[in-house]
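Peer 1: Output the structure for:
(2 chains)
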Amino acid sequence: MKLVRKEKFIYEIPIDKELGMRVPGLVFASEDMIESIETEGVLQQVANAATLPGIQKASIAMPDIHYGYGLPIGGVVATDVDEGVITPGGVGFDINCGVRLITFDISIDDLNVDLESLAKKLYRNIPCGVGEGGKIKVKKQELKQVLKKGARWAVENGFGNERDLEATESYGFLASADPEAVSNKAYERGYDQLGTLGSGNHFVEIGCVETILNKDVAEKWGLFEKQLTLLIHTGSRGLGHQVCTDFLGIFEKSLLKYGISVPDKQLACAPVKSPEGNKYLAALSCAANFAWANRQILMHLSIETIMEVLNISRKLLNPRLVYDVAHNIVKFERYEIDGKERLLAVHRKGATRALPPNHEELPDMYKDTGQPVIIPGDMGRYSYLLVGGKKAEELSFNSACHGAGRKLSRHKAIKMAQDRNIAEELKLKGIFVISRGKRTLKEEMPEAYKDVSDVVDVVDYLDIAKKVLKLRPLCVIKG
DNA sequence: ATGTAC
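Peer 2: Okay, the predicted model is just below:
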């Protein structure tokens, strides 16, 4: 695949008419990253996405990009709502997979419990693992309310407060949700999965602020060094997975009907303004709302556990949600294209929204600074908090990276880890990890990922999002 | 990511 270096950290895949590319590909990465990206057929996926009807400006790849279903994970594709398509491959199976960061009014110097007992208690109280349900069980009518209201449903049912909604992307729900668009099969998978973690790269992590990198913003956001933090990464579980599966099937059949040809079947799509496209948007929004309710409940369960173990009141602990971001989603957003304002369906698949200062969609508390952008790394090193930058609109439809990005496939990681005891290795570094699945820790070992610092450096340099602080993990719960 | 295969 032809790749042209345009300037530092910006590479272009020129338009290949034979392939049917409508726009170029655009890759944000360092020279070192380009080498690993080029080997996996990932760039072919970036080019394939550029053939989608209605795509605007470029098929965009973030520095944490890696091979995915249809489109790479770490991709941004914006299509015109009137002339373009919507595609499940551009969102991913785990609809509204995302991450939220919570801070506490407590320094790790004042922590009077050992981390191991905190990890054990969290593991006991957080349902985790593939296919696992939790204690919260809802019937169909109630689940419909969840799908309609998102995080608000959780708040109305005692899991959090109004301020949490202010500090959640889209205030924790998409109004385009229609519970009638969701299949019975998806409902079946959702009844007992509210407030559950799942598996794979999902986690609940207690950590602390290691280094402040932007004193001004950190101060405005009330963050300080050695501050105790909570990071939660999960999505819409089986329900969202089923919604994705359902519509991949529907779109594969409707391709012919709409005369759309795609270079890869996994790019199955439909016009945004078709009955199929509308229904996918309605169902995807339900799954997104389920995920926001899920993270809201998980936050509540985690905070209750921390209060119990630390034997501290809520008032003293003072849990505060910094922000909740979605990194697998499609959103309708307005952008100026060739001097004309247009409504675009911005697909972010493993990409985080990064709104710059003064953006109209920002809540008042983040108007002057820009949006908090949360970038989790691997469980053995660190994670980052950034803030939306000035070049995000011009370069990436207000999107940044979403994590460290896989360096090894799950299969390769397991093979390489062999008989190693990853939990024991991390314990030597002072990080207590408990996982339900035997293989999960091998798949998720630090070496399976790029160094998140290198990834974050790229978006920081390009002013897509600027670094605010670095977090360090202390105990991690995984599925 | 995922009732890791319907």
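
Peer 1: The residue of the stretch 301-450 of chain A found nearest DNA strand B: what's it in contact with?
Peer 2: Using CB to the nearest atom of the strand, the single residue of the stretch 301-450 of chain A nearest to DNA strand B is residue A:437, 5.6 Å away. For glycine as for every other residue, the C-beta is placed from the backbone atoms N, C-alpha and C. Contacts for residue A:437 (CB atoms under 8 Å, 6 or more residues apart in numbering) come out as A:129-130, A:199, A:478-479.

Peer 1: does it sit in a helix, a strand or a coil?
Peer 2: Following DSSP: H, G, I helix; E, B strand; the rest coil, we place residue A:437 in the coil state.

Peer 1: per-residue pLDDT, it?
Peer 2: Listed pLDDT for residue A:437 reads 89.

Peer 1: One more: residue A:118?
Peer 2: With respect to pLDDT, residue A:118 scores 96.

Peer 1: ditto for residue A:38
Peer 2: At residue A:38, the predicted lDDT confidence score is 86.

Peer 1: ok, it touching residue A:2?
Peer 2: No. Contact criterion CB atoms under 8 Å: residue A:38 and residue A:2 do not qualify, at 10.8 Å.

Peer 1: Look at the two and report which has more neighbours.
Peer 2: Taking other CB atoms under 10 Å, residue A:38 and residue A:2 do not tie; residue A:38 has more neighbours (15 against 10).

Peer 1: Could you pull out the helices in the stretch 351-479 of chain A for me?
Peer 2: Ranges of helices in the stretch 351-479 of chain A, per DSSP state H, counting those that start in this stretch, are A:392-396, A:410-417, A:422-428, A:440-443, A:452-461.

Peer 1: Distance to DNA strand B and mean pLDDT for the ones you listed - can I get that in a markdown table?
Peer 2: Converted to a markdown table, the helices of the stretch 351-479 of chain A look like this (distance: least, CB to the nearest atom of the strand, whole Å; pLDDT from 0 to 100):
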| stretch | distance to DNA strand B | mean pLDDT |
| --- | --- | --- |
| helix A:392-396 | 21 | 98 |
| helix A:410-417 | 7 | 94 |
| helix A:422-428 | 15 | 96 |
| helix A:440-443 | 7 | 96 |
| helix A:452-461 | 15 | 98 |
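
Peer 1: now the ones you listed in CSV, with mean neighbour count and distance to residue A:324?
Peer 2: Shown next, in CSV, are these (neighbours: other CB atoms under 10 Å; distance: least, CB to CB, whole Å):
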stretch, mean neighbour count, distance to residue A:324
helix A:392-396, 22, 19
helix A:410-417, 15, 26
helix A:422-428, 15, 26
helix A:440-443, 23, 23
helix A:452-461, 21, 19
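
Peer 1: Let me have those in a markdown table, adding distance to residue A:224 as columns.
Peer 2: As requested, these are exported to a markdown table (distance: least, CB to CB, whole Å):
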| stretch | distance to residue A:224 |
| --- | --- |
| helix A:392-396 | 27 |
| helix A:410-417 | 35 |
| helix A:422-428 | 26 |
| helix A:440-443 | 31 |
| helix A:452-461 | 21 |
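
Peer 1: mind checking which of these is nearest residue A:306?
Peer 2: Between residue A:306 and the helices of the stretch 351-479 of chain A, the shortest separation by CB to CB is 20.3 Å, and it involves helix A:422-428.

Peer 1: how about the residues of the stretch 301-450 of chain A that lie near DNA strand B?
Peer 2: residue A:437 (CB under 7 Å from any atom of the strand).

Peer 1: one step back: need the max-distance pair from the contacts of residue A:437.
Peer 2: Farthest pair in the contacts of residue A:437 (CB to CB) is A:130 and A:478. Separation: 11.4 Å.

Peer 1: helices or strands up against the helix or strand containing residue A:253?
Peer 2: Using DSSP states H and E, the element containing residue A:253 is helix A:237-257. With contacts defined as 3 or more CB pairs under 8 Å, 6 or more residues apart in numbering; DSSP states H and E, helix A:237-257 has these neighbours: helix A:184-190, strand A:270-271, helix A:275-310.

Peer 1: Can I get the ones you listed in CSV including mean neighbour count?
Peer 2: Shown next, in CSV, are the helices and strands packed on helix A:237-257 (neighbours: other CB atoms under 10 Å):
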stretch, mean neighbour count
helix A:184-190, 18
strand A:270-271, 24
helix A:275-310, 24
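
Peer 1: Nearest to residue A:72, out of the ones you listed?
Peer 2: The nearest among the helices and strands packed on helix A:237-257, by CB to CB, is helix A:275-310 at 19.2 Å.

Peer 1: The residue lying closest to residue A:3 once chain neighbours are set aside: which element?
Peer 2: Distances taken as CB to CB, 6 or more residues apart in numbering place residue A:11 nearest to residue A:3, at 5.2 Å, with adjacent residues excluded. Element membership for residue A:11, per DSSP H and E: strand A:10-13.

Peer 1: what's the distance between that strand and the middle of its chain?
Peer 2: Distance, stretch centre to chain centre, for strand A:10-13: 24 Å (CA atoms, centre = their mean, to the nearest Å).

Peer 1: can you list contacts of the helix or strand following that strand?
Peer 2: Using DSSP H and E, the next helix or strand after strand A:10-13 towards the C-terminus is strand A:25-28. With CB under 8 Å, 6+ apart as the test, strand A:25-28 has contacts from A:3, A:9-13, A:34, A:37, A:43, A:46-47, A:49-50, A:57-63, A:65, A:395-396, A:458-459, A:462, A:464.

Peer 1: what about dumping the CA coordinates of strand A:25-28 to CSV?
Peer 2: Extracted as CSV, the C-alpha positions of strand A:25-28 are listed here (Å, rounded to 0.1, in the frame of the first residue of the first chain):
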residue,chain,number,x,y,z
GLY,A,25,-6.5,7.9,3.6
LEU,A,26,-4.9,9.8,6.4
VAL,A,27,-2.7,8.2,9.0
PHE,A,28,-1.4,10.0,12.1
